[in-house]
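Asker: A predicted structure for the sequence below; I have some questions about it.
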Amino acid sequence: MTTTLNIEIKKEDIHNLINKTGAIGAMDTMHSALAHSGEFLISWIVKNRLSGPRPDVLGRVSGRLASSITMFNFLQDRKNQFSIRIGTNVEYAAKHEFGFIGREQVQAHTRKHRERVSFKRFVARPGSLVAEEKRITRMRTSGYSLIRAFTRNINLPARPFLRPAIEDSSNQQKVAELVKEQIEKAIEGA
């Protein structure tokens, strides 16, 4: 499923851009405009949809999904329509974006066992010759277990993070402004 944001640009602006910068300059300007827009959308996704309290937003556990959000495929089709794609190559992203109900195969793996260890230690207070006894608690690895492969049932609710970036009306306005700014800069600077 693809979510699309269309931005209309006046023909006269495009003609002015091509007249001032040439065809290659106009292409460079559009690529630059799309890059700025894509960077804005990616930062919005990471800030507003991949950070924050669960269960409303996805939240960040390892940061792998947030760091994998990229833009790619600067395209120009035969109708002179430019586009970029924003997405991720992380395998579990689609399950979070659209939700998932079903069975999942879990591969065999090892599980680390951890235990709480408490001990007493004498600690001197700063500026004093008297030491006091303090109880200190730490976690330590006590062993490993081999977990066999198994199948589990999953009911994962949808927590979209890509689609809301494009569907948000303030983001749509900001992207349109960024594109138009880049075109105006190129026309004025040429």
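Answerer: The structure has been received and is ready for your questions.

Asker: for the residue sitting nearest the centre point of the chain, give me its contacts.
Answerer: For the chain, residue 66 is the residue whose C-alpha lies nearest the centre (CA atoms, centre = their mean; 3.4 Å). Remark: with contacts taken as CB atoms under 8 Å, 6 or more residues apart in numbering, residue 66 is in contact with 46, 50, 51, 60. C-beta here means a position set from N, CA and C on the backbone, and glycine is covered the same way.

Asker: looks to me like it is in a strand.
Answerer: No. Assessed by DSSP: H, G, I helix; E, B strand; the rest coil, residue 66 does not belong to a strand; its assignment is helix.

Asker: and it, how far from residue 120?
Answerer: If you measure residue 66 against residue 120 using CB to CB, to the nearest Å, the figure is 42 Å.

Asker: try residue 51
Answerer: 40 Å.

Asker: and these two? Which one has more around it.
Answerer: Using other CB atoms under 10 Å, the more surrounded residue of residue 51 and residue 120 is residue 51, with 14 against 9.

Asker: assign the residue lying farthest from the centre of the chain to helix, strand or coil.
Answerer: The centre of the chain is farthest from one residue, residue 129, which by CA atoms, centre = their mean lies 53.2 Å away. Three-state assignment for residue 129 (three-state DSSP): coil.

Asker: what's the answer for residue 7, then?
Answerer: Taking three-state DSSP, the label given to residue 7 is coil.

Asker: what's the nearest residue to it if we skip its chain neighbours?
Answerer: residue 176 (4.9 Å; CB to CB, 6 or more residues apart in numbering).

Asker: give me the pLDDT for that neighbour.
Answerer: Per-residue confidence at residue 176 stands at 87 (pLDDT).

Asker: tally of neighbours for it?
Answerer: Counted with other CB under 10 Å, residue 176 comes out at 16.

Asker: thought it was touching residue 6?
Answerer: No. Under the criterion of CB atoms under 8 Å, residue 176 is not in contact with residue 6, lying 9.6 Å apart.

Asker: for the biggest helix by length in the chain, buried residues please.
Answerer: The single longest helix within the chain, with elements called by DSSP state H, is helix 11-48. Applying a neighbour-count criterion of 16 or more other CB atoms under 10 Å, one finds 16-18, 21, 26-27, 29-30, 32-34, 37-38, 40-42, 44-46 buried in helix 11-48.

Asker: the residue farthest from the centre of the chain and residue 120: what is the separation?
Answerer: Taken as CB to CB, the span from residue 129 to residue 120 is 20 Å.

Asker: by mean pLDDT, which helix or strand of this structure comes out lowest?
Answerer: Counting by mean pLDDT, DSSP states H and E, the chain has its least confident helix or strand at strand 70-76, which shows a mean of 75.

Asker: enumerate every residue touching the residue lying closest to residue 16 once chain neighbours are set aside.
Answerer: In space, and not counting its chain neighbours, residue 16 is closest to residue 187: 5.2 Å by CB to CB, 6+ apart. Shown in contact with residue 187 (CB under 8 Å, 6+ apart): 13, 16, 17, 20, 21.
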